[in-house]
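Undergrad: Provide a 3D model corresponding to the input given below.
(one chain, ligands or ions: 1)
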Amino acid sequence: MQVPSQMLIDGKWVDAESLATSTVLNPANQEVLATLPRGGREDARAAIDAASEALRRAESMSAFERSKILLKAASLLEQNAQEMATIITKNVGKPITDSEAETARGVLTLTFAAEEAKRLYGQTIPLDTSPFPPGNMNRLGFTIREPIGVVGAISPFNFPLNLLLHKVAPALAAGNTVVVKPPTDGPLPALLVAKIFEEAGLPRGMLNVVLGSGGEVGDEIVTNEKVNAISFTGDTETGRMIAERAARTNKKLLLELGGHNPLIILDDAKVVNAVNSAVAGTFSYAGQVCTATRRIILSERVKERFLTQFEQAVGTLKVGDPMDRTTSVGPVINVRALEKIDGLVRDASDKGAKVRMGGSRLGYGELAQGNYYSPTILDGVVGGMEISQKEIFGPVAAIMEASSDEEAIELANNTIYGLQASIYTSDLARGIRMAKRIKAGAVMINDRTNLRWDNAPFGGIKRSGMGREGVSLAIGELTELKFVVANLAE
Ligand code: NAD
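TA: Below you'll find the model as predicted:
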């Protein structure tokens, strides 16, 4: 299946009304992958109008018809999995094996949504008789789940397929229509998703994709009266701005934001396993994962043992071309990201952290054209260093030390974020006791921080988000519960 090079609005593949374009680069080598329309507010408005009109078409479809289309989309994605994985890797620099895994998960997300579409159950509610005159025993009260309307889906670059599907699939399963604003760095998978839904037979206008900047296209979606809900995944600061702007039209918000996820390794931990999880948690997709391990909080007693093994393991990671199956760490998304990572590493080392490994950009040999940063270990990170509070979104391990469980919990909770956390211990009860005190949407015991299951609750607390994804939960967020009472005595 060919990746389209236009936007999908009201069932037509179109250029921007202004005819503006922008190029899409491969972060591994700056190759131009495509020239795409750069939409503006007028294009976003056309897409929102189309989605609003399409609500009537959506209403006339049964849940079973919606389910069938989602299942067909799952099957088309599976048939085009290699094409999709390659596009993800070229567009956002994700190692190809990870892109394949993301695509397989995308198939699952669509399949879960197809199943959940048929389970939009309501309830009958026993009604209290006391405040009413006699005869109310003849009333029947029940709930029905209705679509919320037009959903604005604004997605980030780092999982350009599956995080988009976590918005689009539940929204469509629930009978909504959708306007998608893909990330400016990483729009190609969204265009292929739109093509897949077109081929799966989704009626015109139910899914629209508008390319363009967050400040224009994104803001139009966030502020337009005809959009009823925003499902957003991205940076915490962007999420805050969106929440403020969306409040003016009282939109329902589902926000999946940044994280600063701690991995706590206690004195009784199986160090070998903790090392494996720390490597995978910190360096998968060059640390550009919302649930990546941002701080490794070590009990004093295991610190040196852990660091020796960790250094050895990180030293074996192959940095390079993400299309190469043996690559573990690819490039970061753009030069701005490289500079931010380098700035935070420098701030920490200026304030006393020891760079045990890496700590610089990789700009030589075959890596010279790409946005590569060396896998980095910073020891002795303490409060006051920016990296202890800011989400670095790069391949950097920040090592902290705790002298007790109490101190480990305090350190873990001491950021504005609350997405995910991990605890390594051989004492399960101790792990569960600590898990209950960690302020996060999810806590893993003896596992890595960067885990997610597509049908399980997912989302952060504090500044990491609002609401929950996980297909059935996202359907809950993107529907309204209507209460109906029938007076059977009349
Ligand atoms: P980002 O916030 O820069 O961009 C996300 C999307 O928002 C893009 O499509 C962008 O164009 C759009 N946008 C930007 N400004 C906007 C505005 N004013 N109005 C409307 N839309 C706007 O995030 P990113 O760099 O693409 O992604 C990385 C961030 O996403 C990290 O902070 C990461 O932790 C977070 N993230 C969170 C989760 C999660 O599920 N919690 C998952 C993945 C990524």
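Undergrad: distance check, residue 141 against residue 487.
TA: Per CB to CB, to the nearest Å, residue 141 is found 10 Å from residue 487. Using the backbone N, CA and C atoms, a C-beta is placed for each residue, glycine as well.
Undergrad: for those two, indicate the residue with more neighbours.
TA: In terms of neighbours (other CB atoms under 10 Å), residue 141 is the more surrounded of residue 141 and residue 487; the figures are 14 against 10.
Undergrad: wait, what's in contact with that one?
TA: Each residue near residue 141 by CB atoms under 8 Å, 6 or more residues apart in numbering is listed here: 124-127, 483-485.
Undergrad: check residue 459 too.
TA: Residue 459 makes contact with 256, 441, 465-469, according to CB under 8 Å, 6+ apart.
Undergrad: that older thread, using a markdown table, please lay out the contacts of residue 141 together with secondary structure.
TA: Listed next are the contacts of residue 141 as a markdown table, based on DSSP: H, G, I helix; E, B strand; the rest coil:
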| residue | secondary structure |
| --- | --- |
| 124 | strand |
| 125 | strand |
| 126 | coil |
| 127 | coil |
| 483 | strand |
| 484 | strand |
| 485 | strand |
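Undergrad: what are the contacting residues of the strand or helix carrying residue 481?
TA: According to DSSP states H and E, residue 481 maps onto strand 479-487. Strand 479-487 has contacts (CB under 8 Å, 6+ apart) with 120, 122, 125, 127, 138-148, 174.
Undergrad: and what of stretch 303-310?
TA: 265, 271-272, 274-275, 278-279, 296, 298, 356, 377, 379, 397, 399, 401.
Undergrad: show the buried residues in those residues.
TA: 265, 271, 274-275, 278-279, 296, 298, 356, 377, 379, 397, 399, 401 (16 or more other CB atoms under 10 Å).
Undergrad: just the closest of those residues to residue 371, please.
TA: For residue 371, the nearest member of the buried ones among the contacts of stretch 303-310 is residue 397. The distance, counting by CB to CB, is 19.3 Å.
Undergrad: my read: residue 424 touches residue 264, true?
TA: Yes - with contact defined as CB atoms under 8 Å, residue 424 and residue 264 form a contacting pair (6.9 Å).
Undergrad: please name the bridge partners of the residue nearest to residue 32 when sequence neighbours are not counted.
TA: Spatially, and ignoring its direct neighbours in sequence, residue 32 is nearest to residue 23 (5.0 Å; CB to CB, 6 or more residues apart in numbering). Here residue 23 sits in beta bridges with residue 35, going by DSSP bridges.
Undergrad: how many neighbours does residue 23 have?
TA: By other CB under 10 Å, 10 other residues sit near residue 23.
Undergrad: so what's it up against?
TA: Contacts of residue 23 (CB under 8 Å, 6+ apart): 32-36.
Undergrad: report the two of those residues separated the most.
TA: By the measure CB to CB, 32 and 36 form the most distant pair in the contacts of residue 23, at 10.8 Å.
Undergrad: need the residues touching each of the two.
TA: With contacts taken as CB under 8 Å, 6+ apart, residue 32 and residue 36 have 23-24 as neighbours in common.
Undergrad: these two: who's more crowded?
TA: Using other CB under 10 Å as the criterion, residue 32 and residue 36 rank with residue 36 on top: 24 against 9.
Undergrad: my read: residue 280 touches residue 450, true?
TA: Yes - look at residue 280 against residue 450 with CB under 8 Å: they come within range, at 7.1 Å.
Undergrad: of the two, which one has the most company?
TA: Neighbour totals were compared for residue 280 and residue 450, and residue 450 leads with 23 against 18 (other CB under 10 Å).
Undergrad: residue ranges for the strands of the stretch 251-400 of the chain, please.
TA: 252-256, 261-265, 293-299, 354-357, 376-379, 396-402 (DSSP state E, counting those that start in this stretch).
Undergrad: out of those, which is closest to the ligand?
TA: Checking the strands of the stretch 251-400 of the chain against the ligand by CB to the nearest ligand atom gives strand 252-256 as the closest, at 3.2 Å.
Undergrad: tell me which residues touch the residue nearest to residue 198 when sequence neighbours are not counted, please.
TA: Leaving aside its chain neighbours, residue 198 sits nearest to residue 8 (7.1 Å; criterion: CB to CB, 6+ apart). Neighbouring residues of residue 8 by CB under 8 Å, 6+ apart: 14, 191, 194-195, 198, 207-209.
Undergrad: pretty sure residue 145 sits against residue 123.
TA: No - applying CB under 8 Å, one finds residue 145 not in contact with residue 123, separated by 9.9 Å.
Undergrad: what residues sit buried inside the host helix or strand of residue 411?
TA: Following DSSP H and E, one finds residue 411 within helix 405-413. Buried residues in helix 405-413, counted by 16+ other CB under 10 Å: 405, 408-409, 411-413.
Undergrad: show me where pLDDT drops low in the stretch 251-400 of the chain?
TA: Within the stretch 251-400 of the chain, no range satisfies pLDDT under 70.
Undergrad: name the residues of it found near the ligand, please.
TA: 256-259, 290, 391, 393 (CB under 6 Å from any ligand atom).
Undergrad: phi and psi next, for the residue of the stretch 51-200 of the chain found nearest the ligand.
TA: Per CB to the nearest ligand atom, residue 156 is where the stretch 51-200 of the chain lies closest to the ligand, at 3.2 Å. Dihedral pair for residue 156: phi -100, psi 170, per degrees, to the nearest 10.
Undergrad: quick one: contacts for it?
TA: Under the criterion of CB under 8 Å, 6+ apart, the neighbours of residue 156 are 163, 183, 186, 233-235.
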